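[1] below is the sequence, then the predicted model.
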Amino acid sequence: MKFQKTYVLNLTSVVFITILCSLLQGSDAIQQCQVRCPNHYAGCLWEGRMRSAEEHMFTVCNFQITPCKFQDLGCNFKDLRKNMKEHESNADEKHKKITLLSVLRLTQKRDTLKIGQRIGHKSGKLLQSQGR
């Protein structure tokens with residue numbers, strides 16, 4: 001009977017071992033190690049190869065804390081991935097408002113740039129006509 005040890009990692013361990021593996025020859029042996037998700041203590045039951053742990057955590061682990069997908073527009077909500085759909089439903093109006101405000105700000109910036117370009121273009125013509 002073959003005994004296989006499973007290691008519990010935290011995020012720092014995953015990043016460190018990933019970097020270490022890329023520097024070391026024979027890193028394939030480390031990548032083949034059986035590990036548990038770093039979110040194991042929060043309730044994640046995933047176990048797999050070290051090489052898959054980072055992908056699991058950052059793409060599918062329901063126990064990974066993730067920011068709202070509207071973060072870049074101003075929503076500061078963070079929660080477990082498994083709770084994000086509920087947040088998106090509850091904050092739908094807020095997300096619509098911050099999206100609209102972002103579009104309005106971008107439109108204003110664009111218009112300001114256009115006006116600045118026109119003024120610059122006109123002042124360049126004025127300088128040319130004055131012989132400067």
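    Nice, I can see it. Residues are numbered from 1 along each chain as shown.

[2] can you list the domain ranges for this protein.
    Structural domains annotated on the chain: 1-63, 68-132, as defined by automatic domain parsing.

[3] rank those by mean pLDDT and give me the bottom one.
    Lowest mean pLDDT of those: domain 1-63, a mean of 71.

[4] and residue 32, how many neighbours does it have?
    10 (other CB atoms under 10 Å). Every C-beta, even on glycine, is put in place using the N, C-alpha and C of the backbone.

[5] distance-wise, check it relative to residue 50.
    Residue 32 sits 7 Å away from residue 50, taking CB to CB, to the nearest Å as the criterion.

[6] ok, residue 96 next?
    42 Å.

[7] with residue 58 instead?
    With CB to CB as the criterion, residue 58 and residue 50 are 14 Å apart.

[8] in terms of neighbours, single out the busier of those two.
    residue 50 (21 against 13).

[9] give me the buried positions along the lengthiest helix in the chain.
    Determined from DSSP state H, the single longest helix within the chain is helix 92-129. Residues of helix 92-129 classed as buried by neighbour count (16 or more other CB atoms under 10 Å): 94, 95, 98.

[10] quickly find the element holding the closest residue to the first one other than its chain neighbours.
    By that I understand residue 94. Residue nearest to residue 94 in three dimensions, not counting chain neighbours: residue 75, with 6.7 Å by CB to CB, 6 or more residues apart in numbering. Element membership for residue 75, per DSSP states H and E: none, as it lies in no helix or strand.
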